[in-house]
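Participant: Coordinates for the following, if possible.
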Amino acid sequence: MRKYTLGTLLAAALLPVLLLVTPASAAETLTVYDHQSHFRFDSGTQTFSFNGTLHTDSRFGPVVGHAHVSCTFTSGHQATCTATATFDGRGQIFVMGSINTNKNHFFIPITGGNGDFTGATGQLERTGINETNELLVFHLK
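Facilitator: Residues are numbered from 1 along each chain as shown. Predicted coordinates:
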């Protein structure tokens with residue numbers, strides 16, 4: 001008969017439980033369209049903000065969440081922005097970094113999240129479509 005140590009037995013018993021509660025480490029990509037509304041610019045503080053609805057397929061596709069963006073101009077066309085994308089039933093992704101507002105296409109760091117996105121990192125890729133619509137690709141790590 002083989003002898004097993006208490007540590008070996010505990011490890012064997014806990015391994016399936018640990019696999020179930022450990023978050024997946026695989027990267028995920030979320031692609032959505034943001035339809036902006038409630039744009040507000042304050043010339044005194046050099047800030048702008050807007051809300052948006054997140055859609056799966058252009059601005060007329062099903063709504064899967066909402067976004068809020070707030071930016072402060074630091075010099076010229078450079079601005080520091082923070083944003084929260086809320087995905088209905090899944091959680092939020094937080095974004096923060098500097099952008100050039102003259103650029104139609106840019107990347108900005110993902111700084112965290114909650115719910116399904118707890119501990120999220122990676123980057124958000126933004127491409128402007130027109131004045132009130134943009135394509136957002138969340139490259140999650």
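Participant: use CA for all of it now, contacts and neighbours both
Facilitator: OK.
Participant: show me the contacts for the nearest residue to residue 123 once chain neighbours are set aside.
Facilitator: Spatial nearest neighbour of residue 123, chain neighbours left out: residue 109 (4.3 Å); criterion: C-alpha to C-alpha, 6 or more residues apart in numbering. If you count contacts by C-alpha atoms under 8 Å, 6 or more residues apart in numbering, residue 109 has them with 95, 96, 97, 121, 122, 123, 124.
Participant: before we move on, what about residue 100?
Facilitator: By C-alpha under 8 Å, 6+ apart, residue 100 lies in contact with 77, 78, 79, 106.
Participant: quick check, nearest of those to residue 55?
Facilitator: Distance to residue 55, by C-alpha to C-alpha, is smallest for residue 106 among the contacts of residue 100, at 19.8 Å.
Participant: Checking the residue nearest to residue 123 next. Helix, strand or coil?
Facilitator: strand (DSSP: H, G, I helix; E, B strand; the rest coil).
Participant: Surely residue 94 is in contact with residue 112?
Facilitator: Yes: the pair residue 94 / residue 112 is scored as a contact, 5.2 Å apart, by C-alpha atoms under 8 Å.
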